[in-house]
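Q: Based on what follows, work out the 3D shape:
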Amino acid sequence: MFLECNNVHRLNYLDKEIILIATAHVSKNSAEEVRQVIEREKPDSVCIELDEGRYKSLKEKDKWKNTDIVKIIKEKKVGFMFTNILLSNYQRKIAEQFNISAGQEMIQGIESSEEIGSNLVLADRDIQITFSRVWRGVSFWGKIKLMGSILFSLIDDEDISEEDLEKMKQEDMLNSALSELSDSFPGLKTYLVDERDQYLANKIKNSPGSKIIAVLGAAHVPGIKKEIFIEQNMEEISTLPPKSLLSKSIGWLIPVIIIILLLVSFSMDKLTGVTYLKSWLFWNGGLAALGTILAMGHPLSILTSLLLAPISSLNPLIAVGWFSGLVEAHFRKPKVEDFEKLSKDLYSFKGLWKNKVTRVLLVVVLANLGSVIGTAISTVDIFSSFIQMIFG
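A: Numbering: from 1, shown residues only. Below you'll find the predicted structure:
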């Protein structure tokens, strides 16, 4: 059962009293309400809607200045880095336009928990898992559209309307930053809201102690009030869903087809085989190099894309952008000042290419995109020519 009072919702679950504080992430009053409720109730545990990564970002604000961009590329976290930049840029716009410190209620929850000596529970799902599940859940062309939307949001400096501000008061920062994407991709709500409601509810009701307070964005409270009394499959929503057999097959099928066609064509007619090989090298290497040029990559990064794309395209487990990005980071390694200037540089489209941090990320993304498009074009070209040669 549960009782409600304004923004404070009380539930009884087994032998525990659970108090949910519905906060507005852009409201100056929410932080004060969080402080008052925690001081008055003195809970055994305080749950906050943060994961380990975002918690560290709040506690160690200058740590990002020492980010190792090479390590990010090697660990395949470029998409995650882009996401962090997206959220940071969005928070910057809110803070400057409305003179509001976004996320202050979470900081207050942390501070109040420390003051009364209660257990602090980071109750939200790892943001990398959330975005990986989002990425896995959209189609190929959906991924292209999603990346385009994210890139546009980085340099879109249009003022946030009062209507948008009111909407933010009912959402968490992650949801509000991606609200436009959610409109374009209705399925994102499953990953951004519904699954996180399940995850948050499970962490809250299993927190130590008999009295628990949870500091949450208002959008999550209705779902959590239902999920508290339901058993969650945490393994399912905490891991990446396995790729379908079709998806895995396609990843290897194209390279196998290309290799077979090249070998058969060389055995039938060497000149034809050379023509097919040139098509593969031209489209793969050429478009990957073009992507790197569009990212204003270093000449050696461009050369890396040109030479390695035709090879990496034959193995779904590697991507040319990783190698091009590593070369770019080696010759134009971002410095602390590049991270410090990041928010300022993102004021303009030009700044996205000017800053060494985002330029390295662009090299990775655009080189990979060029290689993918090149693979598609050359595969169609070789296959159609082969069919015509056999039956023409």
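Q: Skip the chain neighbours and tell me the closest residue to residue 220.
A: Nearest non-adjacent residue to residue 220, counting by C-beta to C-beta, 6 or more residues apart in numbering: residue 197, 5.6 Å away. Using the backbone N, CA and C atoms, a C-beta is placed for each residue, glycine as well.
Q: From residue 230, how far out is the one you found?
A: Distance from residue 197 to residue 230, counting by C-beta to C-beta, to the nearest Å: 10 Å.
Q: Specify which residue of those two has the higher count of neighbours.
A: residue 197 (23 against 9; other C-beta atoms under 10 Å).
Q: So which other helices or strands are in contact with the host helix or strand of that one?
A: Per DSSP states H and E, residue 197 falls inside helix 195-205. Contacts defined by 3 or more C-beta pairs under 8 Å, 6 or more residues apart in numbering; DSSP states H and E place helix 195-205 against strand 16-23, strand 45-48, helix 127-136, strand 211-217, helix 221-227, helix 234-238.
Q: give me the low-pLDDT residue ranges for the stretch 51-200 of the chain?
A: By pLDDT under 70, the low-scoring segments of the stretch 51-200 of the chain are 60-66, 79-80, 82-102, 139-187.
Q: hmm, try it at 90
A: Along the stretch 51-200 of the chain, segments meeting pLDDT under 90 span 52-107, 126-193.
Q: Can you verify my assumption that the residue nearest to residue 220 contacts residue 223?
A: Yes. Using C-beta atoms under 8 Å, residue 197 is in contact with residue 223, at 3.4 Å.
Q: Return the set of buried residues in the top helix by length along the chain.
A: Counting by DSSP state H, the longest helix found in the chain is helix 356-391. Within helix 356-391, the residues that count as buried by 16 or more other C-beta atoms under 10 Å are 356-375, 377-379, 381-382, 385-386.
Q: and the helices and strands packed on helix 195-205, which one is worst for confidence?
A: For these, the weakest mean pLDDT is recorded on helix 127-136, namely a mean of 81.
Q: how about that helix as PDB, C-alpha atoms only?
A: C-alpha atoms of helix 127-136 as PDB (Å, rounded to 0.1, in the frame of the first residue of the first chain):
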ATOM      1  CA  ILE A 127      24.300   4.600 -18.500                       C
ATOM      2  CA  GLN A 128      26.500   2.500 -20.900                       C
ATOM      3  CA  ILE A 129      24.100  -0.400 -20.600                       C
ATOM      4  CA  THR A 130      21.100   1.900 -21.200                       C
ATOM      5  CA  PHE A 131      22.600   3.400 -24.400                       C
ATOM      6  CA  SER A 132      24.000   0.100 -25.600                       C
ATOM      7  CA  ARG A 133      20.500  -1.400 -25.300                       C
ATOM      8  CA  VAL A 134      19.100   1.600 -27.200                       C
ATOM      9  CA  TRP A 135      21.700   1.200 -29.900                       C
ATOM     10  CA  ARG A 136      21.000  -2.500 -30.200                       C
END
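Q: tell me what that helix is packed against?
A: Counting by 3+ C-beta pairs under 8 Å, 6+ apart, helix 127-136 packs on helix 52-59, helix 78-98, helix 140-155, helix 195-205.
Q: 10 Å instead?
A: helix 52-59, helix 78-98, helix 140-155, helix 173-177, helix 188-189, helix 195-205, helix 234-238 (3 or more C-beta pairs under 10 Å, 6 or more residues apart in numbering; DSSP states H and E).
Q: which residues of the stretch 201-350 of the chain fall in helices?
A: 221-227, 234-238, 245-268, 270-294, 299-312, 320-331, 336-340, 342-345, 349-354 (DSSP state H, counting those that start in this stretch).
Q: what about the first one, distance to the chain center?
A: Centroid separation for helix 221-227 versus its chain: 25 Å, with C-alpha atoms, centre = their mean, to the nearest Å.
Q: Tell me, what's the model's pLDDT at residue 303?
A: pLDDT, residue 303: 97.
Q: Look up how far residue 262 lies from the closest residue to residue 259 other than its chain neighbours.
A: Nearest residue to residue 259, sequence neighbours excluded (C-beta to C-beta, 6+ apart): residue 314, at 7.0 Å. Note on residue 314: its distance to residue 262, by C-beta to C-beta, is 10 Å.
Q: Let me know whether residue 272 touches residue 266 as I believe.
A: Yes. Contact criterion C-beta atoms under 10 Å: residue 272 and residue 266 qualify, at 7.9 Å.
Q: What is the burial count for residue 335?
A: 12.
Q: sorry, back to before: what's the closest of the helices of the stretch 201-350 of the chain to residue 390?
A: Among these, helix 245-268 comes nearest to residue 390, with 9.1 Å by C-beta to C-beta.
Q: that older thread, just put the helices of the stretch 201-350 of the chain in JSON lines and tack on mean neighbour count.
A: As requested, the helices of the stretch 201-350 of the chain are exported to JSON lines (neighbours: other C-beta atoms under 10 Å):
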{"stretch": "helix 221-227", "mean neighbour count": "18"}
{"stretch": "helix 234-238", "mean neighbour count": "14"}
{"stretch": "helix 245-268", "mean neighbour count": "14"}
{"stretch": "helix 270-294", "mean neighbour count": "20"}
{"stretch": "helix 299-312", "mean neighbour count": "22"}
{"stretch": "helix 320-331", "mean neighbour count": "25"}
{"stretch": "helix 336-340", "mean neighbour count": "15"}
{"stretch": "helix 342-345", "mean neighbour count": "18"}
{"stretch": "helix 349-354", "mean neighbour count": "15"}
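Q: Output those in JSON lines, with distance to residue 37 appended to each entry.
A: Formatted as JSON lines, the helices of the stretch 201-350 of the chain follow (distance: least, C-beta to C-beta, whole Å):
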{"stretch": "helix 221-227", "distance to residue 37": "14"}
{"stretch": "helix 234-238", "distance to residue 37": "27"}
{"stretch": "helix 245-268", "distance to residue 37": "47"}
{"stretch": "helix 270-294", "distance to residue 37": "51"}
{"stretch": "helix 299-312", "distance to residue 37": "53"}
{"stretch": "helix 320-331", "distance to residue 37": "46"}
{"stretch": "helix 336-340", "distance to residue 37": "36"}
{"stretch": "helix 342-345", "distance to residue 37": "33"}
{"stretch": "helix 349-354", "distance to residue 37": "42"}
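Q: Good, we can wrap up now.
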